[in-house]
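Undergrad: Got a predicted model here, sequence first, then my questions.
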Amino acid sequence: MKVITKSVLIFSVLICLSSCESLFGDGEDDFSCDKNATVILNGDEKCAYAKSLVKAGRLQIGFGYSTGAVDLLINEENLKENVTYTYAKGEVTVWFNNLNKVKSGLFMITKLDEENRLMSGQFDFNAESNNNSQAFDYAISARFTDVSY
């Protein structure tokens, strides 16, 4: 009986040691709330990691969270603080979970630090998505802080 108890104890410790890194996070893949963004999907708040890159002169911002991601492509080249850019005018393009159509969407930079190339801001959009041949409505918003561009 002692051999079984010791074996179970050793096995439990090994399992804990092998999974502690994933339990406590390991850098970029950790979606803990100390990351630089919050995504709210149909009222459910998710801690996220936001990053950006420039492709063909246009800014692309990606928001990754534990169960998915949202990407925005900003079609305006000269972004300014506290200006609202909208999907309806073609200023913002959204990629998310098999979208059928975006009903509305907006993007705003609330802080633009051109010297350090950092921005903070928000986006909101309403969309319809097709998942397993069934349409779902989504209301998605995000706030992000000090994302490099």
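TA: All right, it came through fine.
Undergrad: CA only for contacts and neighbour counts going forward, please
TA: Noted.
Undergrad: for the most centrally placed residue in the chain, what are its contacts?
TA: By C-alpha atoms, centre = their mean, the mean C-alpha position of the chain lies nearest to residue 63, the distance being 2.1 Å. For residue 63, the contact set (C-alpha atoms under 8 Å, 6 or more residues apart in numbering) comprises 37, 39, 48-51, 69-71.
Undergrad: could those residues be laid out in CSV, adding secondary structure, pLDDT and distance to residue 148?
TA: Output for these, formatted as CSV (DSSP: H, G, I helix; E, B strand; the rest coil; pLDDT from 0 to 100; distance: C-alpha to C-alpha, whole Å):
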residue, secondary structure, pLDDT, distance to residue 148
37, strand, 95, 13
39, strand, 94, 18
48, strand, 94, 15
49, strand, 94, 12
50, strand, 95, 9
51, strand, 94, 7
69, strand, 92, 18
70, strand, 91, 17
71, strand, 92, 15
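Undergrad: Identify, from the residues you listed, the entry nearest to residue 82.
TA: When the contacts of residue 63 are compared for distance to residue 82 (C-alpha to C-alpha), residue 37 comes out closest, at 18.1 Å.
Undergrad: Surely that closest one touches residue 142?
TA: Yes - taking contact to mean C-alpha atoms under 8 Å, the distance of 6.8 Å between residue 37 and residue 142 places them in contact.
Undergrad: Without its sequence neighbours, what residue ends up closest to residue 52?
TA: Distances taken as C-alpha to C-alpha, 6 or more residues apart in numbering place residue 61 nearest to residue 52, at 4.3 Å, with adjacent residues excluded.
Undergrad: next one: residue 123
TA: Distance criterion C-alpha to C-alpha, 6+ apart; nearest residue to residue 123, sequence neighbours excluded, is residue 107 at 4.3 Å.
Undergrad: Would you tell me what helix or strand that neighbour is located in?
TA: Per DSSP states H and E: residue 107 is located in strand 99-113.
Undergrad: Quick check: next helix or strand after that strand?
TA: According to DSSP H and E, the helix or strand after strand 99-113 is strand 118-131.
Undergrad: Buried residues of that following strand, list them for me.
TA: Residues of strand 118-131 classed as buried under the neighbour-count rule (16 or more other C-alpha atoms under 10 Å) are 119-129.
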